[in-house]
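Have a look at this prediction, sequence included:
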Amino acid sequence: MKIDILTLFPQMFQGPFSEGIFKRAIDRKLVQVNIHNIRDYTHDRHHTVDDYAYGGGAGMLLKPEPIFEAVEKVKQDFHLEKGAKEPPVILLSPQGRLFSQQIAEELSGCIHLILICGRYEGIDERVREHLATDEVSIGDYVLGGGELAAMVVVDAVARLLPGVLGSDASARDDSHTTRLLEYPQYTHPEVYRAWAVPEVLLSGNHAQIDKWRRQQAILRTLKRRPDLLDKAELSPEERQLVDSFKKAKATPEVLK
Ligand code: 6GU
């Protein structure tokens, strides 16, 4: 997968892509990330990327021309290489659709992504209307710009690509892929400061362990993110268990 990111702050991307699984994925050419400085696509002497809003109001807006030209350039370069179809052009902004594991999975099927990081007080509406094919937000809070959001999106997408993680099982069993939160996990030592690992995990009985983990995942989701359970794939018995807990006004002991 090739990912082109348009930003006014290319330096911000130095860290995340040079460490850990990301660096390995890039080194192994499973993903190629190119950072483009929007300022490089200006033509005036002062390299102007922003300007006042028509109609007045505080704050500067990102101008459309450098952004259109940057997107057109990276599309053209890729097409010359591959003869590929139009890639998604994703504007990162607090007004976008809320990013989720489902969107990450959807995007992980693309061979080329173009991400535009918004900045300042906003962006000329024509970018949104005539250039971006999608607009994504990572949550209901306001960041200084789309850069950190772009890193979040790229991280979530890249780890779904074949071969990026050590084992495909680790991605498949994640919280949110199964639509349940993860069950509690323990490693050595067996007793730490008098806190023992749950006995069932030491039993060697894998059917029991699987059952316990599944139950813990459901209970934890019910306690922390009951909204997720509506969409989770539960067996009829599990669904009944959840419904009975939900109906009970008193908090069951297991949920405390
Ligand atoms: Cl994508 N951009 C900005 N500026 N703020 C955000 C966001 C994006 N997602 C959540 N907050």
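Now that the structure is in, tell me what you want to look at. Numbering: from 1, shown residues only.

show me where this protein has strands.
2-7, 32-37, 50-52, 60-62, 89-98, 112-117, 134-137, 191-192, 195-196 (DSSP state E).

Give me the distance between residue 238 and residue 38.
Going from residue 238 to residue 38 by Cβ to Cβ, to the nearest Å gives 49 Å. (Each C-beta comes from the backbone N, C-alpha and C, glycine too.)

Please identify which of those two sits among more neighbours.
Set residue 238 next to residue 38 and count neighbours by other Cβ atoms under 10 Å: residue 38 wins out with 24 against 16.

tell me the phi and psi of the residue with the largest distance to the centre of the chain?
Among residues of the chain, the one most distant from the C-alpha centroid is residue 194; the distance is 37.9 Å, by Cα atoms, centre = their mean. As for residue 194, its main-chain torsions (degrees, to the nearest 10) stand at phi 70, psi 0.

what's the spacing between it and the ligand?
According to Cβ to the nearest ligand atom, to the nearest Å, residue 194 and the ligand sit 42 Å apart.

got it, and residue 211?
Noted for residue 211: a distance of 38 Å to the ligand, by Cβ to the nearest ligand atom.

Count the residues that sit near that residue.
So residue 211, with other Cβ under 10 Å, has 12 neighbours.

Report pLDDT for the residue farthest from the centre of the chain.
You'll see residue 194 listed with a pLDDT of 98.

pLDDT wise, what is the closest residue in space to residue 16 that isn't next to it in sequence at?
With Cβ to Cβ, 6 or more residues apart in numbering as the measure, residue 151 is the residue that lies nearest to residue 16, at 5.1 Å, once sequence neighbours are left out. Looking at residue 151, its pLDDT stands at 97.

Residue 256 now?
On pLDDT, residue 256 comes in at 61.

what do you get for residue 65?
On pLDDT, residue 65 comes in at 98.

contacting residues for it?
By Cβ atoms under 8 Å, 6 or more residues apart in numbering, the contact list for residue 65 reads 41-43.

In CSV: the strands of the chain, plus mean neighbour count.
CSV is the format used below for the strands of the chain (neighbours: other Cβ atoms under 10 Å):
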stretch, mean neighbour count
strand 2-7, 24
strand 32-37, 17
strand 50-52, 14
strand 60-62, 19
strand 89-98, 19
strand 112-117, 26
strand 134-137, 19
strand 191-192, 10
strand 195-196, 10
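
in the stretch 51-200 of the chain, which spans are helices?
Along the stretch 51-200 of the chain, counting by DSSP state H, counting those that start in this stretch, helices occupy 64-82, 101-107, 125-130, 147-158, 168-172.
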